[in-house]
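Trainee: Provided below are the primary sequence and the corresponding predicted coordinates.
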Amino acid sequence: LADQNGNTFALDSFRGKVVVLSSFYSRCKMTCPLILGRLKLLREKFTGKPVVFVAVTMDPDYDKVPVLKETAKRYGIDYENVFLLTGSKDKVNAVLDRYEVYRKRSENPAVIQHSNLIILIDKKGEVAYRFSLGAMSDKWLVKAVEDLIGEPI
């Protein structure tokens, strides 16, 4: 997958760090802005810590690298440890399926129904927590990231 700067990554390359993983699409007007806002909040809270923030698009046909670059700037998350990722449909779907992210395109091609998850992956690359936006408490999310940072590799 490629990030908003055109650099290519595999999620496995982040082993040894806590990964805050979410999904989004740039044309989303409902919950995706809230999810990207959570990434910004967490990024500010964990500056200098071994944490990376990854958001995988659910709309790789539209969300090409330049669109991701603009999205990162628009949401104030254009940092070295924040990765908005896109790629071929097959590669993007493989990642989203691996982490059980529900999404379904509606009749309007600009609208995707989707789950609103923030998934925390430990330093070993295993899913440690899954938070749903509706039930999410910032306090719980911050505590979970702190706990994972403190775990040995």
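Mentor: That came through, no problem. What you see is a predicted model; the values in this text were computed from it and never measured.

Trainee: what pLDDT is listed against residue 134?
Mentor: The score at residue 134 is 67. That number is its pLDDT.

Trainee: the one 3 residues further on too?
Mentor: Residue 137 carries a pLDDT score of 73 in this model.

Trainee: do residue 78 as well
Mentor: Looking at residue 78, the pLDDT reads 86.

Trainee: nearest residue to it in space, please, no chain neighbours.
Mentor: By the measure of Cβ to Cβ, 6 or more residues apart in numbering, the closest residue to residue 78 outside its immediate chain neighbours is residue 72, 4.0 Å from it. No exception for glycine: its C-beta is placed from N, CA and C like everyone else's.

Trainee: which element is that neighbour on?
Mentor: Using DSSP states H and E, residue 72 sits in helix 65-74.

Trainee: who's in contact with that helix?
Mentor: Surrounding helix 65-74, the residues in contact under the criterion Cβ atoms under 8 Å, 6 or more residues apart in numbering are 2-6, 26, 36, 57, 63, 78, 82, 84-86.

Trainee: pLDDT on that helix, on average?
Mentor: Taken as a whole, helix 65-74 has a mean pLDDT of 97.

Trainee: pull out the buried positions in it.
Mentor: Under the neighbour-count criterion of 16 or more other Cβ atoms under 10 Å, helix 65-74 has 65, 67, 68, 69, 71, 72 buried.

Trainee: got these as JSON lines, with distance to residue 14 columns?
Mentor: As requested, those are exported to JSON lines (distance: Cβ to Cβ, whole Å):
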{"residue": "65", "distance to residue 14": "19"}
{"residue": "67", "distance to residue 14": "23"}
{"residue": "68", "distance to residue 14": "18"}
{"residue": "69", "distance to residue 14": "20"}
{"residue": "71", "distance to residue 14": "20"}
{"residue": "72", "distance to residue 14": "18"}
